[in-house]
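Participant: attaching a predicted model along with its sequence, questions to come.
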Amino acid sequence: MNNMSPSRRPLAKLSLFGITSLNIRSPYMIMWWSAAFPGFGHMLLNQYLRGTFLTLSEVTFNSLGHINEAIVLSFCGKFAEAKAILAPQYVLGYIIIYFIAMWDSYRSSIYQNKLYHIAQLEKEPLPSMKIFASEVQYIQPKSPLVAALFSFFFPGMGQLYNHRIGLAFYAMFWWWLYLALSHVHESLIAILTGHLAESVSVLRPHWLLFMPSVIGGSIYHAYMKAKEHNLLFSLEQRQYLLNRYSSSAVQIFGKSGEKI
């Protein structure tokens, strides 16, 4: 007797917070994003809860250990000051979490690639739409370039475009925080008004160094998720049409050599 459920290896699920699916990923690319900002690799794998905790640990231990400040001082050739400012008890914890996050995202990517192939073989019907009390979620074609452009102008907006609601507002909250604490806007205004020296002095390097990884990760995530949604839309349409018309006697194209 076969007790296996047809949904033992589902390919995608719709929830209140967005679309979660399995996809083929390059383990090295996933590991690279975990190196750029711990937690980003897991978010690309749709492991949003552990990704969120890892991003929080990155900011927390980096701040307590004064790691970004030490990086800036090292680039300026002030190695003694960089060494003095570090807090070893937090730096050691940071290093451990950093490398374990890289390894775990690499391992998870390899396993999810295997699960994706199995899910493709099981051919569980894909959901196309779900209505909740406070949200409507559906699979639709997306423009990867539009998603990337939205995240370029403000990280989180590309995720909102892709209906990843929780991650979108989490990213927007932190981007506002980085903008406020790094004083980037004040520096930009100082540059536009010709006060170049003031534009440099007003910046806070610790928070500024987080921003390139955050905006880059947001752009890449939005772009890739839009492409994944397009693939899911095509697969769902194919499943529906095969199920709806596979038994139909109507032939759109005749047999070879037959006139219609």
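Facilitator: Structure received.
Participant: ok, which stretches of the stretch 101-250 of the chain are strands?
Facilitator: For the stretch 101-250 of the chain, applying DSSP state E, counting those that start in this stretch gives strands covering 129-131, 136-138.
Participant: in TSV, list the ones you listed along with distance to Val59 and mean pLDDT.
Facilitator: Where C-beta positions appear, they are placed from N, C-alpha and C, glycine not excepted. Compiled in TSV, those are given as follows (distance: least, Cβ to Cβ, whole Å; pLDDT from 0 to 100):
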stretch	distance to Val59	mean pLDDT
strand 129-131	33	92
strand 136-138	29	93
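Participant: show me the one of these that comes nearest Leu192.
Facilitator: strand 136-138 (41.6 Å; Cβ to Cβ).
Participant: what lies in contact with the closest one?
Facilitator: With contacts defined as Cβ atoms under 8 Å, 6 or more residues apart in numbering, strand 136-138 is touched by Leu14, Ser15, Leu16, Gly18, Ile19, Ser128, Met129, Lys130, His163.
Participant: please save the CA atoms from the helix or strand containing the fifth one in CSV.
Facilitator: Which is Ile19. Per DSSP states H and E: Ile19 is located in strand 18-21. Taking C-alpha atoms only, strand 18-21 is exported to CSV below (Å, rounded to 0.1, in the frame of the first residue of the first chain):
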residue,chain,number,x,y,z
GLY,A,18,4.6,35.8,0.0
ILE,A,19,5.7,33.0,-2.4
THR,A,20,8.1,30.4,-1.1
SER,A,21,9.6,28.0,-3.6
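Participant: just list what that strand packs against, helices and strands only.
Facilitator: Other elements packing on strand 18-21 under the criterion 3 or more Cβ pairs under 8 Å, 6 or more residues apart in numbering; DSSP states H and E are strand 12-15, helix 165-182, helix 211-245.
Participant: packing partners of the shortest one?
Facilitator: I take that to be strand 12-15. strand 18-21, strand 129-131, strand 136-138.
Participant: what about 7 Å?
Facilitator: Under the contact definition 3 or more Cβ pairs under 7 Å, 6 or more residues apart in numbering; DSSP states H and E, strand 12-15 sits against strand 18-21.
Participant: for Phe152, what are its contacts?
Facilitator: Ile219 (Cβ atoms under 7 Å, 6 or more residues apart in numbering).
Participant: try it again at 10 Å.
Facilitator: Gly158, Ile215, Gly216, Ser218, Ile219, Ala222, Tyr223 (Cβ atoms under 10 Å, 6 or more residues apart in numbering).
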